[in-house]
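J.: Next one to model:
(one chain, ligands or ions: 1)
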Amino acid sequence: MRLDPQRTLLALGCRVAAARGLADGILGHLSLRVGEDQLLIRCRSDTDTGLAFTRPSDIRLIGLDGTASAAGELDGYRVPNELPIHVETMLADPRRRAVAHLHPPAVVAADLAGIEFRPIYGAYDIPGAVLARGGVPVFERAVLIRSSQLGRDMVAAMGSAPVVICRGHGITSAAGSVQQAVLHAISLDSLARMSLQVMAAGGALREIAETDWNELPDLGSDFNIEAAWRHEVARLGTQLS
Ligand SMILES: [Zn+2]
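T.: Numbers count the residues shown, from 1 in each chain. The predicted structure is shown next:
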């Protein structure tokens with residue numbers, strides 16, 4: 001199965017996440033469920049140069065059990081150790097077709113600093129404020145999530161939230177689309193940076209007034225997702241090859 005557009009989208013997602021500083025170096029991976037028992041996932045190879053340089057060819061089609069889903073899919077490629085993050089997140093809720101597992105330093109630092117993610121701003125980034133309003137759960141173990149049991153433990157901590165922080169590790173963001181999963185991760189990172197900045201300036205993290213929510217509308221997916229994604233891709237300034 002070729003699935004070229006989906007492979008390109010996932011590769012772009014990896015590059016966007018890296019460009020936004022959500023995945024420094026070679027760690028982190030994105031996936032997209034493309035069938036009952038198949039997913040595309042960012043794999044590693046001996047020519048891998050890191051998430052920022054992900055190529056569509058780094059995206060491979062595998063089964064939920066981590067084996068090649070078609071002839072040649074894993075020739076020269078290895079699935080990430082933390083595949084269970086993706087599989088268990090998808091199995092827990094079929095609406096979660098896309099999963100991004102990233103290691104954003106600002107989010108990890110803010111959590112370790114004891115910061116609880118709350119809507120401290122509104123119109124600055126409405127999707128981010130909404131994300132924070134719903135609460136950002138934390139999976140308190142700093143382990144490499146390489147077993148189904150650990151994957152399920154993380155998913156249990158995540159509950160119905162779109163994003164979970166893995167303490168001392170990173171985040172897992174899940175959504176119906178690759179774009180949404182990455183954009184949520186970017187919003188959470190922005191909130192972490194702002195929270196850290198406020199604290200560093202000697203300020204306190206105060207939630208916006210409850211009445212302000214009346215004037216913080218959902219601007220719709222055309223703006224929040226499509227336009228935001230076009231920007232993320234445009235700012236990469238590079239063509240995939
Ligand atoms: Zn990880």
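J.: how about the nearest residue to Phe117, chain neighbours excluded?
T.: Val136 (4.0 Å; Cβ to Cβ, 6 or more residues apart in numbering). C-betas here are computed from N, CA, C, even on glycine.
J.: show me the contacts for the one you found.
T.: 116-117, 161, 163-165, 188 (Cβ atoms under 8 Å, 6 or more residues apart in numbering).
J.: Now render the residues you listed as TSV, adding secondary structure.
T.: Formatted as TSV, the contacts of Val136 follow (DSSP: H, G, I helix; E, B strand; the rest coil):
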residue	secondary structure
Glu116	coil
Phe117	coil
Ala161	coil
Val163	strand
Val164	strand
Ile165	strand
Leu188	helix
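J.: I'd like the residues you listed laid out as a markdown table, including pLDDT, neighbour count and distance to Gln38.
T.: What follows is the contacts of Val136, written out as a markdown table (pLDDT from 0 to 100; neighbours: other Cβ atoms under 10 Å; distance: Cβ to Cβ, whole Å):
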| residue | pLDDT | neighbour count | distance to Gln38 |
| --- | --- | --- | --- |
| Glu116 | 95 | 12 | 38 |
| Phe117 | 96 | 24 | 33 |
| Ala161 | 97 | 16 | 26 |
| Val163 | 98 | 23 | 24 |
| Val164 | 98 | 23 | 24 |
| Ile165 | 98 | 26 | 28 |
| Leu188 | 98 | 26 | 28 |
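J.: Please report how far Val178 lies from Arg42.
T.: Separation of Val178 from Arg42 (Cβ to Cβ, to the nearest Å): 11 Å.
J.: okay, and the common contacts of these two?
T.: In contact with both Val178 and Arg42: 10, 30, using Cβ under 8 Å, 6+ apart.
J.: which SSE is the residue nearest the centre of the chain in?
T.: Among the residues of the chain, the one closest to the centroid is Ala100, at 3.2 Å (Cα atoms, centre = their mean). Per DSSP states H and E, Ala100 falls inside strand 98-102.
J.: quick one: strands adjacent to that strand?
T.: strand 29-35 (antiparallel), strand 170-175 (antiparallel) (DSSP bridges).
J.: With Ala234 as the reference, name the closest of these.
T.: Nearest to Ala234, of all the strands paired with strand 98-102, is strand 29-35, at 19.2 Å by Cβ to Cβ.
J.: Now do the next helix or strand after that closest one, average pLDDT.
T.: Toward the C-terminus, strand 29-35 is succeeded by strand 38-42 as the next helix or strand (DSSP H and E). On average, the pLDDT along strand 38-42 is 98.
J.: In terms of secondary structure, what does the helix or strand just after strand 38-42 contact?
T.: Helices and strands here follow DSSP H and E; after strand 38-42, the next one along the chain is strand 44-45. Secondary-structure packing of strand 44-45 (3 or more Cβ pairs under 8 Å, 6 or more residues apart in numbering; DSSP states H and E): strand 77-78.
J.: Would you mind measuring from the closest residue to Pro104 other than its chain neighbours to Gln180?
T.: Of all residues not flanking Pro104 in the chain, Leu22 sits nearest, at 4.2 Å (Cβ to Cβ, 6+ apart). Applying Cβ to Cβ, the value for Leu22 to Gln180 is 15 Å.
J.: Between these two, which has more neighbouring residues?
T.: Leu22 (26 against 22; other Cβ atoms under 10 Å).
J.: so who does the more buried one touch?
T.: 28, 102-104, 185-186, 189.
J.: All set, thanks.
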